[in-house]
Structure formats: C-alpha cells, structure tokens
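In: fold the following, please.
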Amino acid sequence: MNFIMAIRDLHNRVISWVNALQPVILLLARWYIAWVFFKAGLTKINDWESTLLLFEYEYEVPLLSYELAAYLGTFAELILPLLLVTGLFTRIGAIGIFVVNAIAVMSLPDMPPAAYNLHVIWAALIALNIFWGGGRFSVDHYFKIK
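Out: Numbers count the residues shown, from 1 in each chain. Modelled structure (predicted):
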C-alpha cells in the first residue's frame, strides 16, 4: 500500500509542476500564432495587387468573391492576432484565427503535405486557447473575462 501512495504522491508532484507551466504554455502558443498570422497579414498589405491576384486565381475561397475574401482574410490576420497577443477576448480571437486557418487549408487544394501539417499544428495550438482561454498572463484573466 505504501508503494501505491508513493507513486500517487510522485504523480501529484509532477502534475503540479506541469500545471504551473500551463499559463506560460498558453502565452507562448498565443504569441506564436499571433506572430504567424500577423506576419501573413502584413505580407498581404505590402503587395495588395499580388494578394488580389492570389485570391482571384490561386485560392478557392467558398461562397465569397475573391475581393471580399482578400479583405476579410487580411483584416482577420491583422486584427485577431492583436487579441491573442494581449489575451483580450482570447477565445473569440482564437476561434477567428481557427476559422482563417481552416479556410486557408480548404482554399488551397494543392497544398503541399508539409504546409498542411504546419496548419494542423497551428490548429492544435489555437485550440489550446479556445478550450483553456488566455491563462493567467492575459487581459482576460485580469478582468475575469471567461
């Protein structure tokens, strides 16, 4: 019986260390995803003509005109990362970025496997903030926003 209790105590100590890292992991995930998508938004506005051409001829965004898709996608890639960086309305920002990521995957049917895998990793990191929020190091936590 003492062996079982010793294993349990060890397990609980390890888990408490892991739990202590959760706010840092959520912060790093938020910042990384924000950086990736904000950088993509900056690339789009730096060469708007190329962006429009890509949305017209390369991307196959469903239900929207290519121009509206370009404006909405760029807007989302520039604004939603700001929510993630600050941790303000983190879950809403993360859901928005998740949608942008999913549309990017659906809109480029010939995406190389390596790029597809990267989008899957991004989706997993985004999901952390959808399900657990911004964590202790966020504006949400400070203002008690769920």
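In: burial of residue 108, as a residue count?
Out: For residue 108, the neighbour count with other C-beta atoms under 10 Å is 17. The way it works is simple: take the backbone N, C-alpha and C, and place the C-beta from them, glycine included.
In: tell me the contacts of the closest residue to it other than its chain neighbours?
Out: Take residue 108 and drop its neighbours on the chain: the residue closest to it by C-beta to C-beta, 6 or more residues apart in numbering is residue 59, 6.0 Å away. By C-beta atoms under 8 Å, 6 or more residues apart in numbering, the contact list for residue 59 reads 66, 69, 104, 107, 108.
In: surely the third one and residue 119 touch.
Out: Yes: taking contacts as C-beta atoms under 8 Å, residue 104 lies within contact range of residue 119: 6.6 Å.
In: of the two, who's got more company?
Out: Shown here are residue 104 and residue 119; by other C-beta under 10 Å, residue 104 has more neighbours (19 against 15).
In: ranges for the helices of the protein?
Out: 2-46, 48-53, 66-86, 90-107, 113-132, 139-143 (DSSP state H).
In: need the ones you listed in a markdown table with mean pLDDT, can you?
Out: Converted to a markdown table, these look like this (pLDDT from 0 to 100):
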| stretch | mean pLDDT |
| --- | --- |
| helix 2-46 | 96 |
| helix 48-53 | 97 |
| helix 66-86 | 98 |
| helix 90-107 | 97 |
| helix 113-132 | 97 |
| helix 139-143 | 97 |
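In: pick out the residue closest to the middle of the chain.
Out: residue 126 (3.4 Å; C-alpha atoms, centre = their mean).
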